[in-house]
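need the 3D shape of this:
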Amino acid sequence: MQICVAAGEVSGDQILAPIISRVSQITPVVYSGIGGPQMVEAGTYPLFSMNDLSVMGIMEVAPRLPKLLSIRRQMKNYLETSQPRALITCDAPDFNLSLCAFAKSLEIPAIHVVSPSVWAWRHSRIPKIARQLDLLLCVFPFEPALYKGTGLRCEFIGHPLATQISFNPDPVVSAKALNLPVNGLILGILPGSRESEVKKLLPLFLSAFDRLVAEDKDLIGVIPAASDDLYELIYSMVGSRPMRIVLGKSREVIAASKAVLVASGTAALESVLTGRPTVAAYKMNPWTYRLVKSKVQTEFVTLPNFLANQALIPELIQEKACLESIVNAIHPMLKEGTDNRFLTEAQKIYDSLSGDVSGRAAEAILEQLS
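Alright, predicted model coming up:
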């Protein structure tokens, strides 16, 4: 059986890889499409690099729009000529849902993993999404109800991160694995998996680190780079600071850390699922922010806060993402022990998302194709 796949960023690669691997364990499948290293390891033949799709923000997309449109045209042509048994996509909804709609028009089952954030903004997208897909696999328990009455089949599968992460692991184990001091004061810094994010956020994160290390000379900063290219970029920006840069291994970095500073997104959820005190900060193009802000329908922006329905972690967005705010939020996390209230709420989120995610997903996919 031939299946076309597409993931547009690191989180999509991490989510889709174990799912397609589980499907392959049940029935022989040949995968091709757009994926990252984990999907390639799971057996995907890459037609295009996932990095070509990894861009966020309306204004940020504009310079790369011709390339994105070219890839989409070529992917549509591939679907039309190869006629795969199904198309399975993950994340990058602006790109992937259009591809799914085209596949569906060819009577190729269109399956998407991870619902767009319709609960947070642009709730009006729901009817269109329902028309574009045959099956939507949701990672949060409240999401299927949002599509009730649309005719779209939605299944809650749980979140893959909750199956891949141990809650509140011993930091010493991860510190040893990264060759870090086992009793060191470690700050994990995750500035994003996109080049545009790193360029915009890392200078601010580094300035915050400079302020923090000036107060505590024992502080060690550790940055996981999502790719070889980002490793080189981060290395050039870090300079002579007392920091370690590692390729990949973001989960080990988070687990080894006393506190974590992240670009708001999947990394914030990953950090909370690990039980580590977290500060989420994000800046985007001012025009993009104005357009997005006008459509946001929730009190909280970060997933952990939305799931907990409270300000579980500081979320510093746009003008709030400044040097003073970041330092003031991180400083007590490094000096004090982990708050028990935080751990209790983080454990609740972890439990609500746990389970045999890839098994549920594989079962739903094969049932759809039967």
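
low-confidence regions, the protein specifically.
Across the chain, the ranges flagged by pLDDT under 70 are 54-64, 286-297, 337.

residues contacting residue 114?
12, 15, 90, 91, 137, 138, 139 (CB atoms under 8 Å, 6 or more residues apart in numbering). Heads up, the C-betas are built off the backbone N, CA and C, glycines and all.

relative to residue 92, how far out is it?
9 Å (CB to CB, to the nearest Å).

residue 124 too?
Distance from residue 124 to residue 92, by CB to CB: 20 Å.

who has more neighbours out of the two?
residue 92 (24 against 9; other CB atoms under 10 Å).

give me every residue that touches the residue lying closest to that one once chain neighbours are set aside.
Leaving aside its chain neighbours, residue 92 sits nearest to residue 8 (2.5 Å; criterion: CB to CB, 6 or more residues apart in numbering). Applying CB under 8 Å, 6+ apart to residue 8 gives the contacts 34, 50, 53, 54, 90, 91, 92, 95, 96.

please verify my assumption that the third one contacts residue 92.
Yes: contact status for residue 53 versus residue 92: in contact at 5.3 Å, counting by CB atoms under 8 Å.

dihedrals phi and psi, residue 30?
phi -110, psi 120 (degrees, to the nearest 10).

just residue 190 next, same as before
phi -120, psi 100.

contact partners for it?
Neighbours of residue 190 in contact, by CB under 8 Å, 6+ apart: 223, 224, 250, 253, 254, 260, 261, 262, 263, 267, 271.

could you rerun that using 7 Å?
224, 250, 260, 262, 263, 267 (CB atoms under 7 Å, 6 or more residues apart in numbering).

partners of it in the sheet?
residue 262 (DSSP bridges).

how far away is it from residue 265?
Distance from residue 190 to residue 265, by CB to CB: 9 Å.

now swap in residue 48 and tell me
22 Å.

so which of these two has more stuff around it?
Comparing residue 48 with residue 265 by other CB under 10 Å, the one with more neighbours is residue 265, at 22 against 18.

and stretch 300-310, how far apart are its ends?
8 Å (CA to CA, to the nearest Å).

buried stuff in it?
300, 301, 302, 303, 304, 305, 306, 307, 308 (16 or more other CB atoms under 10 Å).

wait, residue 158 touches residue 351, no?
No: using CB atoms under 7 Å, residue 158 is not in contact with residue 351, being 10.4 Å away.

next step: the contacts of residue 8 restricted to helices.
Members of the contacts of residue 8 lying in helices (criterion: DSSP state H): 95, 96.

which among the contacts of residue 8 gets closest to residue 312?
residue 91 (23.3 Å; CB to CB).

separation between the closest one and residue 139?
For residue 91, the distance to residue 139 - CB to CB - is 10 Å.
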